[in-house]
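Novice: structure of the sequence below:
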Amino acid sequence: MATKRVNARKNDPQRTQEDILEVATEEFATHGLAGGRVDQIAEKTRTSKRMIYYYFGSKEGLYLAVLERAYRKIRTLEADLQLFNLPPDEALRVLISTTFDHDEANPDFVRLVSIENIHHAAHMMRSEAIRDLNVSVIETIAAIVERGVAEGVFRRNADPIDIHMLISAFCFFRVSNRYTFGTIFRRDLSAPDLQDRHKRMIADAVLSYLKAS
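Specialist: Okay, the predicted model is just below:
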């Protein structure tokens, strides 16, 4: 059965690349770029280093592809929300909830971004795709805020990048600092009741800011 899966995958380059990216995400999120081992990725995907380099060019190219895939995942989730059909305040609550749940369910994404910050975004700077991908969320927030101001729901015409940063900071911190924060304050940030409270809290905070003069 395993042989059949491997043979089927050889005839499906896209699936092979997706398998490599899935395993590479875990490898780089756990060990970083320097510590991540391409031969370990090759072994787990039952492929070869030669094949990985054929698809991604180099270890750094694979790492960058992992980053691009991670950002593409959250931006695709946001694009599928159809927020323009919702009232502005509800649209923001849905967007915040989606960001919150995504970060909670994808700690590898948080670790990858943290690692790239250690490198001062040196690798991310090479990616036109990541810059283009992240334009969409800013445009979405800008449209929601503009619509909210026009309808009298919001009083503050806030910078959409500021709003994005506010949402991202809260949702990201809960995951990136879960263990240190939890150890210091003896609080399990993964507890369902605390997650629900925090999700409401960040949405209330953002909406209160936008509704203030």
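Novice: switch to C-alpha atoms for all contacts and neighbour counts from now on
Specialist: Fine.
Novice: please, which helix or strand holds residue 20?
Specialist: Assignment of secondary structure by DSSP states H and E places residue 20 within helix 13-35.
Novice: mean confidence for that helix?
Specialist: Confidence over helix 13-35, taken as the mean pLDDT, stands at 95.
Novice: same for that helix, what does it pack against?
Specialist: helix 2-10, helix 38-44, helix 59-79, helix 107-118 (3 or more CA pairs under 8 Å, 6 or more residues apart in numbering; DSSP states H and E).
Novice: now residue 154: phi and psi?
Specialist: As for residue 154, its main-chain torsions (degrees, to the nearest 10) stand at phi -110, psi 150.
Novice: what residues does the helix holding residue 20 touch?
Specialist: Outside helix 13-35, the residues that touch it by CA atoms under 8 Å, 6 or more residues apart in numbering are 9-10, 36-37, 41-42, 44-45, 52, 55, 60, 62-63, 65-66, 69, 108-109, 111-112, 115.
Novice: show me how to select, in PyMOL, the buried members of those.
Specialist: Here the buried members of the contacts of helix 13-35 are turned into a PyMOL selection, burial being counted by 16 or more other CA atoms under 10 Å:
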select buried, resi 9+36+37+41+42+45+52+55+62+63+65+66+69+108+109+111+112+115
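Novice: can you put the helices and strands packed on helix 13-35 in JSON lines and add mean pLDDT?
Specialist: Shown next, in JSON lines, are the helices and strands packed on helix 13-35 (pLDDT from 0 to 100):
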{"stretch": "helix 2-10", "mean pLDDT": "49"}
{"stretch": "helix 38-44", "mean pLDDT": "96"}
{"stretch": "helix 59-79", "mean pLDDT": "95"}
{"stretch": "helix 107-118", "mean pLDDT": "95"}
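Novice: could you dump those helices to a markdown table with distance to residue 179?
Specialist: Converted to a markdown table, the helices and strands packed on helix 13-35 look like this (distance: least, CA to CA, whole Å):
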| stretch | distance to residue 179 |
| --- | --- |
| helix 2-10 | 38 |
| helix 38-44 | 27 |
| helix 59-79 | 22 |
| helix 107-118 | 12 |
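Novice: among those helices, which is nearest residue 96?
Specialist: With CA to CA as the criterion, residue 96 lies closest to helix 59-79 of those, at 9.8 Å.
Novice: now the closest one against helix 13-35, angle please.
Specialist: In this structure, helix 59-79 runs at an angle of 120 degrees to helix 13-35, with axes from the mean of the first three to the mean of the last three CA atoms, to 10 degrees as the basis.
Novice: and helix 59-79, what's buried?
Specialist: 59, 61-72, 74-75, 78.
Novice: which two of those residues have the greatest separation?
Specialist: The distance between the two most remote of the buried residues of helix 59-79 (CA to CA) is 29.4 Å, for 59 and 78.
Novice: now the host helix or strand of residue 132: average pLDDT?
Specialist: Per DSSP H and E: residue 132 is located in helix 128-150. Mean pLDDT, taken over the full extent of helix 128-150, equals 95.
Novice: what's it in contact with?
Specialist: Applying CA under 8 Å, 6+ apart, the set of residues contacting helix 128-150 from outside is 68, 71-72, 75, 78-79, 84, 87-89, 91-92, 124, 154-161, 163-164.
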